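Visitor: Any chance you could fold what I've pasted below:
(one chain, ligands or ions: 2)
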Amino acid sequence: MDLRFSEEVRRALEAGQPLVALETSVVAQGLPYPDNLAAARACEEAIRRAGAVPAATAIIDGQLCVGLEEPEMRRLAEGKERLLKVASRDLAVAMATRATGGTTVSATCEMAAAAGIRVFSTGGIGGVHRGASEHFDISQDIAALARFPVAVVCAGAKSVLDLPKTMELLETAGVPVIGVGTDELPSFYSRGSGIPLEHRADDVDTAARIARARFESLKQGGVLYTVPPPEETSLPRNEVELHIAATLADADRQGVRGKGVTPFLLSEMAKRTGGKTLKANLALLTNNARFAGQLAVAYARAS
Ligand code: PSU
Ligand code: MN
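Guide: Ligands and ions are numbered 1, 2, ... in the order given. Got it, this is the predicted structure:
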């Protein structure tokens, strides 16, 4: 794969330093400016403090970038031009048309794997949307998790999704889901979901050994680590549920479909909760980045 590395990432790869990939659809589509830029910086900072090197991925003028310079991240955050939401299947078109955009979980997994980066931090993965038995809206993220050997750290799937169906599909795809210090799937804005997890890791070394066994010994695909969002900003499940019902009804009424669904739900939820979901989103992004940094360091140590 023709990747363009930032100077910092290139050096880290050469020196065998631990790296953590970051997606940028959350910057280009998921969060409003300037919170998106602040969140990206806070994630990079958390990864550095943990002793690893951040590697945000994006498509800039058709180039597959791993590691962004400050003006490039700003360009994605400000959104003064048309920015694509680039999933795996959009990579070819984005390259050929010299487009610019943020990468989703699926594209980031693919680019990280190609770069040899084993750990990736995000907010929440995409999955099976509610009502999928009717409209079939299922994110490419699941297929990418199954395919690419990357440890993906998240706060669970977004609660706007159908979580039981998302968990079933992850099983079908053969993706292990590990609770980080928990037996229950977190649901992004809330610490729990009522869905029990079969596997947990209580320390970062155990988490790293799971990834190593899967990537190095078994030559299998990705691992999903689910970290409960920070207590202080997390929201009660019943409160979130009420807003989700209203937001989904709005999406339906306004005919929001396809790629637009996730960004619409995120911004509507923030409006309805007076910014509480936005605050929770920012806090969990940094929290996940911190754990991902620690995981990358432990993974390198375990070799
Ligand atoms: N979850 C968030 N914020 C986001 C996304 C998910 O809290 O911005 C983005 C991720 O990049 C994820 C994508 O990969 O949405 C999933 O989009 P879709 O449902 O269209 O596959
Ligand atoms: Mn979709």
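Visitor: What residues does whichever residue of the chain sits closest to ligand 1 make contact with?
Guide: Distances between the chain and ligand 1 by CB to the nearest ligand atom are smallest at Gly30, namely 2.5 Å. All C-beta atoms are positioned from the backbone trio N, CA, C, and that covers glycine. Applying CB atoms under 8 Å, 6 or more residues apart in numbering to Gly30 gives the contacts Asn36, Gly123, Thr262, Pro263, Leu266, Asn281.
Visitor: Mind picking the two most distant members of those residues?
Guide: Asn36 and Thr262 (14.5 Å; CB to CB).
Visitor: about what we covered before: using TSV, lay out the contacts of Gly30 together with pLDDT and neighbour count.
Guide: Formatted as TSV, the contacts of Gly30 follow (pLDDT from 0 to 100; neighbours: other CB atoms under 10 Å):
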residue	pLDDT	neighbour count
Asn36	97	24
Gly123	97	28
Thr262	88	23
Pro263	91	17
Leu266	90	23
Asn281	96	26
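Visitor: Among those residues, which ones lie close to ligand 1?
Guide: Gly123, Thr262, Leu266, Asn281 (CB under 6 Å from any ligand atom).
Visitor: How about the residues of the stretch 151-300 of the chain by ligand 1?
Guide: Counting by CB under 6 Å from any ligand atom, the residues of the stretch 151-300 of the chain lying close to ligand 1 are Lys158, Lys259, Thr262, Leu266, Asn281.
Visitor: Pull up the gap between the first one and Glu239, please.
Guide: Looking back up the chat, that one is Lys158. In this structure, Lys158 and Glu239 are 15 Å apart, going by CB to CB, to the nearest Å.
Visitor: who has more neighbours, these two?
Guide: When Lys158 is set against Glu239 and neighbours are counted by other CB atoms under 10 Å, the residue ahead is Lys158, at 26 against 14.
Visitor: I figured Ala56 hits Leu22, correct?
Guide: Yes - taking CB atoms under 8 Å as the definition, Ala56 is a contact partner of Leu22 at 4.3 Å.
Visitor: For the two, list the residues in contact with both.
Guide: Between them, Ala56 and Leu22 have Ala40, Glu44 as joint contacts when contacts are counted by CB under 8 Å, 6+ apart.
Visitor: neighbour-wise, which of these two wins?
Guide: When Ala56 is set against Leu22 and neighbours are counted by other CB under 10 Å, the residue ahead is Leu22, at 29 against 26.
Visitor: and Leu91, what does it touch?
Guide: With contacts defined as CB under 8 Å, 6+ apart, the neighbours of Leu91 are Ile59, Leu64, Ala107, Glu110.
Visitor: same thing but 6 Å
Guide: Residues counted as contacts of Leu91 (CB atoms under 6 Å, 6 or more residues apart in numbering) are Ala107.
Visitor: residue boundaries of the strands in the stretch 101-250 of the chain?
Guide: Chain-ordered strands for the stretch 101-250 of the chain, with DSSP state E, counting those that start in this stretch as the definition, fall at 101-103, 119-121, 151-154, 177-180, 199-201, 223-226.
Visitor: chain center to the longest helix anywhere in the chain: distance?
Guide: Ranked by residue count and defined by DSSP state H, the top helix of the chain is helix 276-301. Using CA atoms, centre = their mean, to the nearest Å, we find the averaged C-alpha position of helix 276-301 to lie 10 Å away from the chain's own average C-alpha position.
Visitor: Buried ones in that helix, by neighbour count?
Guide: Neighbour-count burial for helix 276-301, with 16 or more other CB atoms under 10 Å as criterion, is recorded at 276-300.
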